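Engineer: mind looking at a prediction? Sequence and model below.
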Amino acid sequence: MAKQLICSLVLLLATLSGTYVKSWSARAQDCCRCPAWIPVGCALYCQGVPICPPGYDPTPTPPAPVVAYDGYSLFAFGDSFADNGNTPEVPTSDLDRELIRSWYTPYANSYGNDDGSFTSEPQFTGRYSNYMVQSDFVAKMLGLDMAPKPHKKQGDYSCNVTGMTFATAGSGVYSVPEEVPSLTEQVDTFANLINSKLISKDRLAKSVALVAISGNDYDRVGVAMPSGFVDVSAFIRNVTSAISDSVLRLRALGVPKVLVNNLHPVGCTPAQTRASNHSGCDGAGNGGAVTHNQNLARLMDGKDGVLIVDLHSAFKSIVDHPDGEGSVYSSQFKNKLTPCCQGIDARDLCADTRNGENLYQLCDNPKQHFYWDEMHPSQTGWAAVMALVEGPIKQFVGIA
């Protein structure tokens with residue numbers, strides 16, 4: 001009885017001093033501990049009747065409800081048309097140096113972050129453009145800010161709900177030096193994430209895949225033609241068959257919608273037009289692209305859940321068309337075949353330096369150039385191309 005009286009007086013003192021005292025009927029686990037100045041015996045008695053700091057509400061605040069992400073997931077495969085940071089940042093050889101130049105000035109100099117926000121400092125993201133590339137524009141069509149983070153940043157033990165980018169600059173359907181993953185190897189990594197349950201069936205059910213293979217296999221054919229391929233047409237058939245195999249495998253893995261690029265008019269790239277001072281496209285290169293696209297169309301014909309993204313027509317309507325027959329976007333480019341960034345010498349590439357000196361020339365206004373460098377569109381170039389294919393993509397995916 002004496003101990004109860006003492007404790008009651010202590011509690012009364014605490015109350016008069018402004019210290020909140022929880023109801024006698026409160027459960028001990030809901031409350032604060034008794035203050036240190038309360039005698040030990042009283043503190044034991046006070047279990048369930050703790051004294052709390054002024055202004056403290058001992059009622060637990062319920063956690064904010066978790067809103068499940070219900071948007072689309074994008075999984076991007078292929079090469080530099082879709083790569084947003086999978087290439088290494090430190091060179092180990094001359095070839096690697098060529099592949100990793102997208103991490104250095106003047107690439108990605110539009111001061112943009114991966115979340116779509118802008119900063120006052122240049123952000124080097126590993127994209128082969130002055131900022132956004134094809135995968136970013138596809139992501140925007142799906143309601144995302146940018147293409148999902150690259151596999152290099154997410155790793156093999158996690159996957160963001162918005163998806164993942166596996167595409168790596170320099171990739172193709174055949175193995176290449178410097179450990180650049182081929183298209184098949186990229187799909188292997190994707191399959192492993194599915195098998196590990198890091199990509200759920202629910203996520204797959206609302207996913208879109210982009211397969212962007214842009215001709216690296218053909219670019220290397222002169223110096224590294226796989227043994228046995230002596231006929232260019234046969235080589236093209238093998239490239240397109242390998243693309244088809246990966247597309248169908250993605251469908252089998254559970255991706256309901258697969259976008260696969262056809263080949264742009266490679267004869268119009270600055271790498272091919274430099275010899276003519278960028279005065280016209282190379283007919284042989286464009287002829288090979290036509291053959292590639294015919295084969296791919298035949299292989300994809302009638303395949304459910306697959307859409308060929310017609311980059312070839314979109315590019316041509318901007319950079320290679322008869323007078324008066326181009327797209328509405330063609331006139332915005334003062335320089336259709338001359339890139340914004342170009343090596344001073346034919347052997348030099350955009351971003352090359354030697355002894356602190358730039359070995360490239362940079363234009364004043366990238367928005368007037370369709371191409372950013374010797375192979376890749378500028379952000380404005382990509383915006384025009386993707387505006388031309390946006391309607392078919394949205395209709396295919398089912399976006400109003």
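Structural biologist: That came in fine, so what should we check first?
Engineer: G215 - how many residues pack around it?
Structural biologist: By the measure other CB atoms under 10 Å, the count of residues near G215 is 21. For glycine as for every other residue, the C-beta is placed from the backbone atoms N, C-alpha and C.
Engineer: low-confidence ranges in the chain?
Structural biologist: The model of the chain has pLDDT under 70 over residues 1-67, 91-97, 108-119, 177-178, 221-230.
Engineer: what's the residue positioned nearest the centre of it in contact with, if anything?
Structural biologist: Centroid-nearest residue in the chain, with CA atoms, centre = their mean: A147, separated by 3.2 Å. Each residue near A147 by CB atoms under 8 Å, 6 or more residues apart in numbering is listed here: L74, A76, A82, N84, V133, S135, D136, V138, A139, T165.
Engineer: around the closest residue to it other than its chain neighbours, how many other residues sit close by?
Structural biologist: Leaving aside its chain neighbours, A147 sits nearest to S135 (3.9 Å; criterion: CB to CB, 6 or more residues apart in numbering). A count of neighbours around S135, defined by other CB under 10 Å, yields 28.
Engineer: next: the one 4 residues further on.
Structural biologist: By the other CB under 10 Å criterion, the neighbourhood of A139 contains 25 residues.
Engineer: isn't I393 right next to D310, touching?
Structural biologist: No. Applying CB atoms under 8 Å, one finds I393 not in contact with D310, separated by 10.2 Å.
Engineer: can you tell me the closest non-neighbouring residue to K336?
Structural biologist: Leaving aside its chain neighbours, K336 sits nearest to V319 (4.3 Å; criterion: CB to CB, 6+ apart).
Engineer: same question for R274.
Structural biologist: A346 (6.4 Å).
Engineer: who's in contact with the spatially closest residue to Y128 that is not a sequence neighbour?
Structural biologist: Residue nearest to Y128 in three dimensions, not counting chain neighbours: S80, with 4.1 Å by CB to CB, 6+ apart. By CB under 8 Å, 6+ apart, the residues touching S80 are S102, Y128, V133, A167, A169, G170, S214, M375, H376.
Engineer: and for R220?
Structural biologist: G172, Y174, V176.
Engineer: most neighbours among the residues you listed, please name it.
Structural biologist: Going by other CB under 10 Å, G172 tops the contacts of R220 with 22 neighbours.
Engineer: that one sits in which helix or strand?
Structural biologist: G172 belongs to no helix or strand when assigned by DSSP states H and E.
Engineer: what's the spacing between it and N216?
Structural biologist: 4 Å (CB to CB, to the nearest Å).
Engineer: overlap of the contact sets of those two?
Structural biologist: In terms of CB under 8 Å, 6+ apart, G172 and N216 are both contacted by the residues D79.
Engineer: quick check: the residue nearest to R274 is in a helix.
Structural biologist: No. Under DSSP: H, G, I helix; E, B strand; the rest coil, A346 falls outside any helix and is assigned coil.
Engineer: settle this for me: it is touching A271, isn't it.
Structural biologist: No. Using CB under 8 Å, A346 makes no contact with A271, being 9.5 Å away.
Engineer: of these two, who's got more company?
Structural biologist: Comparing A346 with A271 by other CB under 10 Å, the one with more neighbours is A271, at 20 against 11.
Engineer: count of residues packed around the residue nearest to the more buried one when sequence neighbours are not counted?
Structural biologist: Spatial nearest neighbour of A271, excluding adjacent residues (CB to CB, 6+ apart): E374 at 4.1 Å. With neighbours defined by other CB under 10 Å, the count for E374 comes to 19.
Engineer: check contacts around E374.
Structural biologist: E374 neighbours (CB under 8 Å, 6+ apart): T269, P270, A271, R274, P339, Q342, G343, L349, C350.
Engineer: and which of the residues you listed is nearest V389?
Structural biologist: Proximity of the contacts of E374 to V389 was ranked by CB to CB; the top entry is T269 with 18.6 Å.
Engineer: by contact count, what packs against the longest helix seen in the chain?
Structural biologist: Counting residues, the longest helix found in the chain (DSSP state H) is helix 232-253. Applying 3 or more CB pairs under 8 Å, 6 or more residues apart in numbering; DSSP states H and E, one finds that helix 232-253 contacts strand 73-78, helix 183-195, strand 207-212, helix 216-219, strand 257-261, helix 283-300.
Engineer: so how far is that helix off the chain centroid?
Structural biologist: Distance of helix 232-253 from the chain centroid (CA atoms, centre = their mean, to the nearest Å) equals 23 Å.
Engineer: if we can go back for a sec, doesn't the residue nearest to A147 belong to a helix?
Structural biologist: Yes. Under three-state DSSP, S135 sits within a helix.
Engineer: quickly note the distance from it to N238.
Structural biologist: 26 Å.
Engineer: and if you look at V180?
Structural biologist: V180 is 19 Å from N238, by CB to CB.
Engineer: who's in contact with S135?
Structural biologist: Shown in contact with S135 (CB under 8 Å, 6+ apart): L74, A76, F81, A82, D83, N84, A147, T165, A167, L210, A212.
Engineer: highest neighbour count among the residues you listed?
Structural biologist: Most surrounded of the contacts of S135: other CB under 10 Å gives A167, at 33 neighbours.
Engineer: my guess is that one contacts T87. True?
Structural biologist: No. Here A167 lies out of contact with T87, judged by CB under 8 Å, at a distance of 9.9 Å.
Engineer: hey, where'd the helices end up in the protein?
Structural biologist: 2-16, 40-45, 94-100, 134-141, 151-154, 183-195, 201-205, 216-219, 221-224, 232-253, 270-273, 283-300, 311-319, 379-397.
Engineer: please name whichever of those is nearest to R354.
Structural biologist: Closest approach to R354 among these (CB to CB): helix 94-100, 11.8 Å.
Engineer: what about E325, how many neighbours?
Structural biologist: E325 has 9 neighbours, counted by other CB under 10 Å.
Engineer: actually D217, sorry about that
Structural biologist: D217 has 26 neighbours, counted by other CB under 10 Å.
Engineer: so who does it touch?
Structural biologist: Contact analysis of D217 by CB under 8 Å, 6+ apart lists G172, V173, Y174, F235, V239.
Engineer: mind checking how far the nearest residue to it once chain neighbours are set aside is from F235?
Structural biologist: Nearest non-adjacent residue to D217, counting by CB to CB, 6+ apart: G172, 3.9 Å away. According to CB to CB, G172 stands 12 Å off from F235.
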